[in-house]
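Student: Have a look at this fold, sequence not included:
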């Protein structure tokens, strides 16, 4: 039996470099802003903010993963291999006490490959032509920003913004002997004659990709793909596999929780976050402001029970009642101070670096 909680839309907000109007939000506060009255099945995608021997916390829910099937980058994994800061998707049975029992956990890194350059002052690095932004909430595993050097192989997990950059929640030092790399990105400059396309500044040659006939069906400008391959001496990625990158969705009538950056602002009563298109209407409720909060690169957590329909490379979720709460950008660092907002008007944009 399911107890349907009030459907909610949680807005994480942060505006850097502004003074005054500060509010502190602790991880304990974040954990309370969840669907703790829900009892039923669902799917949650977000950052791992806590972990112990048998459980992890994602989107404020403590998931028991001791009996879950764990898939890490396409391989069977164990719970002790899951790291704080990584973005995971979990299928689970939710309990009304705010906990859940996971049956499946999937983790895929955002990109893994050699570093092109590092700018410590600007807190940015470039990995295989992809700009990666870090901040005080980024978890560094066996490496520090000021110790990263060009050529080192890193694993990045994070959220993509509207400019094709990655806001990293996790940066780890990979096996330095790796010769095959992967990344997620949006296809640009597709050339079906030369069998190439670009992911930001990385040129991809897919002429030798496996199951090419099948892959041709998903290759189009604007499509989000996961590419796996090797780098040649010119820095071009020779693709071995190209797959469409789809959000993990819940069944109709089940809970869906998705954390991510808004990549398409509210327009015609809908916006896009983490590959999911969310619909809002006149019944949507906002605790902090109104629909003006739903701006490009604001970090949101969507919690909803509703119907969905499949569209090209995207899923649409019908959101009939929504609520907005303020959360920290990355909760795993404890207290967070967000700047310059009011209870009636709460708006924030995650900083980004203009393309050079």
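Tutor: Sure thing, it's come through. Only a predicted model underlies this, so the values are computations on that prediction, with no experimental measurement involved.
Student: How is the chain partitioned into domains?
Tutor: For the chain, automatic domain parsing gives the domain ranges 8-107+248-338, 111-173, 181-244.
Student: how about these in CSV, adding mean neighbour count?
Tutor: For the C-beta atoms, the positions are set from N, CA and C on the backbone; glycine is no exception. Compiled in CSV, the domains of the chain are given as follows (neighbours: other Cβ atoms under 10 Å):
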stretch, mean neighbour count
domain 8-107+248-338, 19
domain 111-173, 19
domain 181-244, 16
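Student: what would these look like in JSON lines with mean pLDDT?
Tutor: Conversion of the domains of the chain to JSON lines gives the following (pLDDT from 0 to 100):
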{"stretch": "domain 8-107+248-338", "mean pLDDT": "71"}
{"stretch": "domain 111-173", "mean pLDDT": "97"}
{"stretch": "domain 181-244", "mean pLDDT": "90"}
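Student: Would you agree residue 127 is in contact with residue 110?
Tutor: No: with contacts counted by Cβ atoms under 8 Å, residue 127 stays clear of residue 110, the gap being 9.5 Å.
Student: any common contacting residues for those two?
Tutor: Each of 156, 183 lies in contact with both residue 127 and residue 110 under the rule Cβ atoms under 8 Å, 6 or more residues apart in numbering.
Student: now the helices for the stretch 151-300 of the chain?
Tutor: Assigned by DSSP state H, counting those that start in this stretch, the stretch 151-300 of the chain shows helices spanning 212-216.
Student: just the strands in it please.
Tutor: Per DSSP state E, counting those that start in this stretch, the stretch 151-300 of the chain has strands spanning 153-160, 166-173, 181-186, 188-191, 196-199, 202-205, 224-231, 237-244, 255-267, 270-273, 276-279, 299-305. These are given in chain order.
Student: will you turn those into CSV that also has distance to residue 85?
Tutor: Supplementary listing: the strands of the stretch 151-300 of the chain in CSV, determined by distance: least, Cβ to Cβ, whole Å:
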stretch, distance to residue 85
strand 153-160, 6
strand 166-173, 3
strand 181-186, 17
strand 188-191, 28
strand 196-199, 23
strand 202-205, 24
strand 224-231, 20
strand 237-244, 24
strand 255-267, 13
strand 270-273, 19
strand 276-279, 21
strand 299-305, 14
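Student: which residues sit against stretch 111-130?
Tutor: 131-135, 145-146, 148-156, 164-166, 174, 178, 181-185, 199-202, 231, 235, 237, 353.
Student: nearest residue to residue 244 other than its sequence neighbours?
Tutor: Using Cβ to Cβ, 6 or more residues apart in numbering and skipping residues adjacent in sequence, the residue nearest residue 244 is residue 218, 4.3 Å away.
Student: That neighbour contacts residue 224, doesn't it?
Tutor: No: in terms of Cβ under 8 Å, residue 218 does not count as a neighbour of residue 224; the distance is 9.6 Å.
Student: Look at residue 146 and give its secondary structure.
Tutor: Local secondary structure at residue 146 is given as helix here, using DSSP: H, G, I helix; E, B strand; the rest coil.
Student: That one and residue 56, how far apart?
Tutor: 29 Å (Cβ to Cβ, to the nearest Å).
Student: distance of the residue nearest to residue 244 from residue 80?
Tutor: Distance of residue 218 to residue 80, computed by Cβ to Cβ: 35 Å.
Student: Likewise for residue 174?
Tutor: In this view, residue 174 and residue 80 are 18 Å apart by Cβ to Cβ.
Student: Would you enumerate the residues in contact with the closest residue to residue 174 other than its chain neighbours?
Tutor: The shortest distance from residue 174 to any residue that is not its chain neighbour, by Cβ to Cβ, 6+ apart, is 4.4 Å, and that residue is residue 153. By Cβ under 8 Å, 6+ apart, residue 153 lies in contact with 112, 113, 114, 115, 173, 174, 175, 176, 178, 181.
Student: Which single one of those is nearest to residue 85?
Tutor: Proximity of the contacts of residue 153 to residue 85 (Cβ to Cβ) peaks at residue 173, which lies at 13.6 Å.
Student: Okay, and the beta partners of the closest one?
Tutor: When bridges are called by DSSP bridges, residue 173 pairs up with residue 154.
Student: Sheet partners, orientation included, of the strand or helix carrying residue 131?
Tutor: Applying DSSP states H and E as the criterion places residue 131 in strand 130-133. Paired strands of strand 130-133, with direction, are strand 124-127 (antiparallel), strand 166-173 (parallel) (DSSP bridges).
Student: Not counting its own residues, what contacts the longest one?
Tutor: Applying Cβ under 8 Å, 6+ apart, the set of residues contacting strand 166-173 from outside is 47, 83-87, 110-111, 130-135, 137-143, 145, 152-161, 261, 330, 332, 350.
Student: circling back to that earlier point, wait, which of the strands of the stretch 151-300 of the chain is closest to residue 43?
Tutor: strand 255-267 (5.7 Å).
Student: which other helices and strands contact that closest one?
Tutor: Counting contacts by 3 or more Cβ pairs under 8 Å, 6 or more residues apart in numbering; DSSP states H and E, strand 255-267 is packed against strand 40-51, strand 153-160, strand 270-273, strand 276-279, strand 299-305.
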